[in-house]
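Engineer: After the sequence you'll find the predicted model.
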Amino acid sequence: MKTPTAADSTGFASLGLAAPLVAAVAALGYEEPTPIQREAIPVLLAGNDMLGQAATGTGKTAAFALPLLNKLSEDLKTNRGKARALVLVPTRELAMQVAEALHKYAKGSNLNVVPVYGGAPMDHQIRALRRGADVVVGTPGRVLDHLRRQTLNLATVEVLVLDEADEMLDMGFSEDIDLIVAETPKERQTALFAATFAPRILSIAGKHLKNPKKVQIAQEKRAPGKLPQVRQVAYIVGKGQKTNALSRILDFESPKSAIIFCRTRLEVDELTDTLNAHGYGAQALHGGMMQKQRDRVMQLFRSEKADILVATDVAARGLDIDHVSHVINYDLPTAPEVYVHRIGRTGRIGREGVAITLCAPREQRFLQYVERLTKQRVEIGKLPTEADLRKRRLEAAKDAIRERITAGGLDDTKELVESLAQEFELIDIAAAAVAMANEGAERAGVPQEAEADSRQSRSYDDGPREERGYKSAPRASREPRDEGPMTLLRISVGKEESIRPADLVGAIAGEAKIPSGVIGAIKIHDDYSLVEIPDELAERVITALKRTQIRGHRVTVQSKPAR
Ligand code: AMP
């Protein structure tokens, strides 16, 4: 493997990609190629056909999309606006996802990407194809429809990708694929991706690929016993529910110190902001930060002044910290080996560790790979409910009381209890004291909703966390909602107005006078933001936002059901 140069801090240029594409992935916050990208990109750039084994989540889209765009960008004049590349995918969702990814990578290249899939109006797609489609991403059925209507012509295709070929075969698209491939020129370059190299995959590859190079990410053999003994739990959650799920998990687990892994720099920054806006003390760590900043963050984490570190794999590599109690995979790692490296940060030197993974329903296959590699079970967990959290809080109170009694120095307080004991039963006095302490701890944890910004640095400005309430009490400020129906609000300000999650939480919680804990997932786009709010509070929030400004901007708010 080549090592990245200073001019190519991400390592993508050393794979042979052109500068605009390297810039595009850097702008998306990618820090280095994933294993499949490292192997596949040079093979495809050299013009070979390729048979790749890679599942969803490994970064396989970029593995074929970047070389494809690289090739088309070399000559932007010939067949301009005609279908020069075709990506066949099994489902409408994947068509949208792949088209979106291609669109992002192609930014600034003048190449048009058009998705065509079933279940959407035909005339829109026909118009989009007529306007010019250099890259068509489609499901086999809809692509055939367009071929029959002659609204799509594949005679100019230079690159053909069969993505998730095993799923396409499972869905009965085998004949459709043959018909579609027959419409493309023989001298095209073809790449096929599947999760396995089963005989039926090799057979379709034999039909449509010319001397393909096989790219298979070798699975490390690991001696049993070398892995730390950590409890491994996965929660299956949809993309839109990840932030909520994470909050609940953090509240329940109340980690002493956790590393939360995201894939990209942008995601690290976004999640750190969101966590801080919701009252957690989180610090970001990624390769885009200056060494001095990174040292500062590491110092805070090492000295246990910051208990949550949100990091990319690259930034966390080589970190030598012994006290990590929880590793949380907010985004799945790009390969099972990366998972093993990540969870190796916890459970060190005989300490107990927990590895938690948030996994989308589509990504569950990854967990099987991990189980095979680690020879350990990954338990599928159920997200803690509000009752679980309350129980947990009381248990923490019990531990704290036990510790306090052992520490001694209670003579003054005993006098007080003795005088109260003349009026009340001892058990009532003790219960009242516990309830008051609990309420106190909750108040200490309740953030001033309108001061979301100032809470950004609470992890170290507020002193060690045990001074903020019970040492291991789940954060009382976060009264988690039970999964009720949510409304998605589209607010007309975004990155272009320098909006951060804290601004939205501050404005919503402060103006509508609702606890920040009930605010769900937040996603900030270029010129708008999406925020989930419980149905019953949506109207109140909309009315409140109409009266206010966010970062000096008046906003409009639209709503629709979130789930
Ligand atoms: P895929 O396996 O293509 O569905 O990609 C899964 C996710 O990984 C997508 O959200 C990509 O944006 C992200 N991704 C792809 N390549 C990289 C990379 N080199 N670094 C970080 N994230 C990546």
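Structural biologist: Great, that's in hand.

Engineer: hey, let's count contacts and neighbours off CA atoms from now on
Structural biologist: OK.

Engineer: Tell me the residues of the stretch 1-150 of the chain that contact the ligand?
Structural biologist: Contact residues (Cα under 6 Å from any ligand atom) of the stretch 1-150 of the chain with the ligand: 30-34, 56-62.

Engineer: Which single one of those residues is nearest to Q422?
Structural biologist: Nearest to Q422 out of these is G57 (Cα to Cα; 66.3 Å).

Engineer: Grab the nearest non-local neighbour of that closest one.
Structural biologist: T334 (6.0 Å; Cα to Cα, 6 or more residues apart in numbering).

Engineer: Quick check on the residues of the stretch 1-150 of the chain next to the ligand: which are buried?
Structural biologist: 30-34, 56-62 (16 or more other Cα atoms under 10 Å).

Engineer: and the two most separated of those residues?
Structural biologist: Once Cα to Cα is applied, these give E31 and T56 as the farthest pair, at 19.1 Å.

Engineer: tell me the centre residue of this structure?
Structural biologist: The C-alpha lying nearest the average C-alpha coordinate of the chain belongs to D331 (Cα atoms, centre = their mean; 3.9 Å).

Engineer: so where does it fall, helix or strand?
Structural biologist: Under DSSP states H and E, no helix or strand contains D331.

Engineer: again, but for T274
Structural biologist: Counting by DSSP H and E, the element that carries T274 is helix 265-277.

Engineer: near the ligand, anything from that helix?
Structural biologist: No. Helix 265-277 lies apart from the ligand when judged by Cα under 6 Å from any ligand atom; the minimum separation is 8.2 Å.

Engineer: quick revisit: so of the buried ones among the residues of the stretch 1-150 of the chain next to the ligand, which ones are in helices?
Structural biologist: 60-62 (DSSP state H).

Engineer: Could you grab the helix/strand/coil label for L160?
Structural biologist: strand (DSSP: H, G, I helix; E, B strand; the rest coil).

Engineer: picking up where we left off before, does the residue nearest to the centre of the chain really touch F261, like I thought?
Structural biologist: Yes. Counting by Cα atoms under 8 Å, D331 does reach F261; the two are 6.5 Å apart.

Engineer: circling back: check the buried ones among the residues of the stretch 1-150 of the chain next to the ligand for the minimum pLDDT and say which it is.
Structural biologist: Of all these, T56 carries the smallest pLDDT score, 81.

Engineer: residue with max distance from the center of this protein?
Structural biologist: Q422 (58.3 Å).

Engineer: Quick check: phi and psi on it?
Structural biologist: Per-residue torsions, Q422: phi -70, psi -20 (degrees, to the nearest 10).

Engineer: low-scoring stretches of this protein, by residue?
Structural biologist: Applying pLDDT under 70 to the chain picks out residues 1-9, 218-228, 318, 348-351, 439-483, 563.

Engineer: okay, now the domains of it?
Structural biologist: Listed domain ranges for the chain are 12-216, 230-384, 387-444, 449-561 (source: automatic domain parsing).

Engineer: residues contacting D388?
Structural biologist: Residues counted as contacts of D388 (Cα atoms under 8 Å, 6 or more residues apart in numbering) are F252.

Engineer: buried stuff in the strand or helix carrying it?
Structural biologist: Following DSSP H and E, one finds D388 within helix 386-407. Neighbour counts using 16+ other Cα under 10 Å place 386, 389-390, 392-394, 396-397, 400 of helix 386-407 among the buried residues.

Engineer: again, but for stretch 296-309
Structural biologist: Buried residues in stretch 296-309, counted by 16+ other Cα under 10 Å: 297-298, 300-302, 304-309.

Engineer: cool, stretch 175-186 as well?
Structural biologist: 176-177, 180-181, 184.

Engineer: Same question for stretch 18-38.
Structural biologist: 18, 20-26, 29-38.

Engineer: Quick one: distance of it to the chain centre.
Structural biologist: How far stretch 18-38 lies from its chain's middle: 17 Å, per Cα atoms, centre = their mean, to the nearest Å.

Engineer: just stretch 427-438 next, same as before
Structural biologist: Using Cα atoms, centre = their mean, the offset of stretch 427-438 from its chain centre is 42 Å.

Engineer: Starting from L416, give me the distance back to the residue farthest from the centre of the chain.
Structural biologist: To L416, Q422 is 10 Å away according to Cα to Cα, to the nearest Å.
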